[in-house]
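**Student:** Sequence plus predicted model, see below.
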Amino acid sequence: MKKLMKWFGIVGILLLAFAACKDSGGEKQKTPDQQAARQTTETNDVSVTPKKGLGMTPTQFMDAFNAFAQSVKLDMLSIPAITLSTGEVNNTFTHEFAKNLVITGTVRKSDNKILSLVMVASPKTHDETTALFFIYGIIMGTINPELSKEERGSLVIEMFNKVSPDHDAHYEAVRGPVQYNFSASKVVGVWLVVKNVND
């Protein structure tokens, strides 16, 4: 009996020793080449999905914008030309409808497609406020041509009802594949960001 208990004791000690060795050294040390290969594989597994953007080049946007402005008899708001400015990551273009009404587009370098539009405004007069309403409508008609006149007008009114230039506020609306982010600040004024809803 004593021999049997001694045997169980030895087996138990060996099992504990084996478990300790497995926990501490069961995984072999990887060579520098193996570690580099693993890091490369992990890096390749992380895919960056490119932004979808608004699906048109600056020239296509300008042509469509002007055509829509002409169709609603607002030729005075047409964009005469677009000049790209080169950036480190993306290119941009800017157009001033008036001193206080400025639109900026961010353009992807790889395919020259517009990623987003930002309309910044701080209207000081009734004419500038009216022009801003019209410009919003033209932008929507250009980017969301499937929207009816009533739907465009409703969206513009909805944005201004939700956000007042008298205090900081933000409102977001989605129409089809397009997202409209409308914000206001007592310092900056009002600005509208137009982008693909999936970006």
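**Tutor:** That came in fine, so what should we check first? The shown structure was predicted, so the numbers you read here are calculated from the model rather than taken from an experiment. Residues are numbered from 1 along each chain as shown.
**Student:** doesn't Ala64 fall inside a strand?
**Tutor:** No - according to DSSP: H, G, I helix; E, B strand; the rest coil, the state of Ala64 is helix, so it is not within a strand.
**Student:** Quick check: phi and psi on the closest residue in space to it that isn't next to it in sequence?
**Tutor:** Excluding its sequence neighbours, the residue lying closest to Ala64 (Cβ to Cβ, 6 or more residues apart in numbering) is Thr142, at 4.7 Å. No exception for glycine: its C-beta is placed from N, CA and C like everyone else's. With angles defined as degrees, to the nearest 10, Thr142 sits at phi -80, psi -50.
**Student:** ok, which stretches of this protein are strands?
**Tutor:** With DSSP state E as the criterion, the chain has strands at 90-98, 101-108, 114-121, 169-175, 178-185, 189-196.
**Student:** residue ranges with poor pLDDT in this protein?
**Tutor:** Filtered on pLDDT under 70, the chain yields the residue ranges 1-49, 165.
**Student:** So for stretch 164-184, what gets flagged as buried?
**Tutor:** Pro165, Tyr171, Arg175, Val178, Gln179, Tyr180, Asn181, Phe182, Ser183, Ala184 (16 or more other Cβ atoms under 10 Å).
**Student:** Just put those in a markdown table and tack on distance to Glu150.
**Tutor:** Listed next are the buried residues of stretch 164-184 as a markdown table, based on distance: Cβ to Cβ, whole Å:
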| residue | distance to Glu150 |
| --- | --- |
| Pro165 | 25 |
| Tyr171 | 19 |
| Arg175 | 13 |
| Val178 | 17 |
| Gln179 | 21 |
| Tyr180 | 17 |
| Asn181 | 22 |
| Phe182 | 19 |
| Ser183 | 25 |
| Ala184 | 24 |
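**Student:** between these, which is closest to Gly87?
**Tutor:** Asn181 (21.2 Å; Cβ to Cβ).
**Student:** What's the local residue count around the nearest residue to that closest one once chain neighbours are set aside?
**Tutor:** Using Cβ to Cβ, 6+ apart and skipping residues adjacent in sequence, the residue nearest Asn181 is Val193, 4.2 Å away. Applying other Cβ atoms under 10 Å, we find 16 residues neighbouring Val193.
**Student:** circling back to that earlier point, who's in contact with the residue nearest to Ala64?
**Tutor:** Counting by Cβ atoms under 8 Å, 6 or more residues apart in numbering, Thr142 makes contact with Phe61, Ala64, Phe65, Phe68.
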